[in-house]
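# Below is the structure, and that's it, no one-letter string:
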Ligand code: TRP
């Protein structure tokens, strides 16, 4: 199918932390197969990251690392548009315009803003407040149909819809109205030390990073929380045994085995056998990804060609949308400079 006939998917991840198993099994792994059916844009949203303080050298390193990891995870840069947000200036420009069509009250109601301003009470800056309008710009620039996001970002996609509808009502059809997209497959991976909360970099012991060494991965799985009873039996019971269910979920995602098959495989064997087995399976899944990411990262010219081509493809589309918006707003047409 030609890209022009395909629906558009857009998603973004901040380069403010290292990618982990939850990002991979819950999101990136499933993005790989979407390219056949959709025209996919995946953006490294570095401009969103500076809403909280970043160490400049770290930010740069993580953005490049994230790009290398996307490719290593199987996102083909020829089939997908992989780019860095700050390379496409239309994001900032449309972000400003959308600020003028978003209400103070709407932004005040965003739960992520409330959470983050509680967490960073010493730095509640304007960017943190208008974060959702920049995100709306990301999405609307590409006439996006679907936005794959987790539960926590649904409110932002809803706001993007409201802004698009409001603008279209005032100025006529300008933006496609996007939908949040929760893919059919995609595991929700919980922390290894606290199976009640999502795997997250804020708990490094319970979080398996894509670049962790086999030894680290093995150690983290051996320490994984199973359950508080003494049953010592691999059985899928998410309410009673969330830790075991999470490990089964991970094992199932990386091996393709069903829960039934897993229960059979470990019947009578106990957690002492099960936990290292999950660790081994994860090590073997992540090994080629880690090695490929390291190889790409060391090939500076290749990495640069990926983000250059990505930014070119992205700006071709973004430019058209922004031109349309500026015209509708009544801005004087920009001369050739
Ligand atoms: N806000 C998203 C997050 O923190 C990241 C993001 C920025 C995004 N722009 C986006 C996600 C556009 C989807 C679409 O996870």
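Right, received. Where do you want to start? Values in this document were obtained by computation on a predicted structure and should not be read as measured data.
# Nearest to the ligand: which residue in the protein?
residue 12 (3.2 Å; CB to the nearest ligand atom). Glycine gets a C-beta too; all of them are placed from N, C-alpha and C.
# Name the helix or strand for that residue, please.
Using DSSP states H and E, residue 12 sits within strand 7-13.
# Up against the ligand, what does the stretch 101-250 of the chain have?
Counting by CB under 6 Å from any ligand atom, the stretch 101-250 of the chain comes close to the ligand at 135, 138, 139, 147, 149, 153, 156.
# Switch these over to TSV; also include neighbour count and pLDDT.
Output for these, formatted as TSV (neighbours: other CB atoms under 10 Å; pLDDT from 0 to 100):
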residue	neighbour count	pLDDT
135	24	98
138	27	98
139	28	98
147	23	96
149	20	87
153	17	91
156	22	97
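# any idea how far residue 20 is from residue 158?
Per CB to CB, to the nearest Å, residue 20 is found 27 Å from residue 158.
# what's the answer for residue 92, then?
Using CB to CB, residue 92 is found at 23 Å from residue 158.
# What's the local residue count around residue 158?
Neighbour count for residue 158, taken as other CB atoms under 10 Å: 14.
# same question, residue 37
With neighbours defined by other CB under 10 Å, the count for residue 37 comes to 11.
# surely it meets residue 8?
No - counting by CB atoms under 8 Å, residue 37 sits too far from residue 8 to count as a contact (11.2 Å).
# Checking residue 97 next. Helix, strand or coil?
Assigned by DSSP: H, G, I helix; E, B strand; the rest coil, the conformation of residue 97 is helix.
# now swap in residue 238 and tell me
Judged by three-state DSSP, the three-state class of residue 238 is coil.
# That one reaches residue 248, doesn't it?
No - judged on CB under 8 Å, residue 238 makes no contact with residue 248 at a distance of 9.2 Å.
# okay, these two: which has more neighbours?
residue 248 (24 against 14).
# Spit out the contact partners of residue 201.
17, 18, 20, 207, 209 (CB atoms under 8 Å, 6 or more residues apart in numbering).
# Residue 64: which of these is nearest?
Residue 64 lies nearest to residue 18 out of the contacts of residue 201, by CB to CB, at 12.3 Å.
# Check the contact between the closest one and residue 61; I expect there is one.
No - in this structure residue 18 lies outside contact range of residue 61 using CB under 8 Å: 10.1 Å.
# These two: who's more crowded?
Neighbour count, other CB under 10 Å: between residue 18 and residue 61, residue 18 has more, with 17 against 13.
# Identify, from the residues of the stretch 101-250 of the chain next to the ligand, the entry nearest to residue 182.
Set against residue 182, the nearest of those by CB to CB is residue 149 (8.0 Å).
# Show the contacting residues for that closest one.
11, 156, 157, 180, 181, 182.
# one more time with 10 Å, if that's ok
Applying CB atoms under 10 Å, 6 or more residues apart in numbering to residue 149 gives the contacts 10, 11, 12, 27, 135, 139, 155, 156, 157, 180, 181, 182.
# Likewise for residue 217?
By CB under 10 Å, 6+ apart, the residues touching residue 217 are 21, 208, 209, 278, 279, 280, 282, 283, 285, 286, 287, 290.
# Beta-bridge partners for the third one, please?
Think residue 209. Counting by DSSP bridges, residue 209 is bridged to residue 20.
# From what I see, it and residue 200 are in contact.
No - applying CB atoms under 10 Å, one finds residue 209 not in contact with residue 200, separated by 11.3 Å.
# Those two: which is more packed in?
Between residue 209 and residue 200, counting by other CB under 10 Å, residue 209 is the more crowded of the two (20 against 16).
# Model confidence for the more buried one, exactly?
On pLDDT, residue 209 comes in at 97.
# try residue 185
Residue 185 is given a pLDDT of 60.
# again with residue 229
As predicted, residue 229 sits at a pLDDT of 68.
# Give me the buried entries from the contacts of residue 217.
With burial judged by 16 or more other CB atoms under 10 Å, the buried subset of those is 21, 208, 209, 278, 279, 280, 282, 283, 285, 286, 290.
# Let's see which of those residues end up in helices.
Judged by DSSP state H, helices contain the following of these: 21, 278, 279, 280, 282, 283, 285, 286, 290.
# so which two of those are the farthest from each other?
Pairwise distances across those (CB to CB) peak at 17.6 Å, for the pair 278 and 290.
# rewinding a little: and the residues of the stretch 101-250 of the chain next to the ligand, which of them are in helices?
Those of those lying in helices (DSSP H): 135, 138, 139, 156.
# ok, which stretches of the protein are strands?
For the chain, strands defined by DSSP state E occupy the ranges 7-13, 38-44, 81-84, 146-148, 179-181.
# Skipping adjacent residues, who's closest to residue 37 in space?
residue 6 (6.7 Å; CB to CB, 6 or more residues apart in numbering).
# That neighbour contacts residue 35, doesn't it?
Yes - contact criterion CB under 10 Å: residue 6 and residue 35 qualify, at 9.2 Å.
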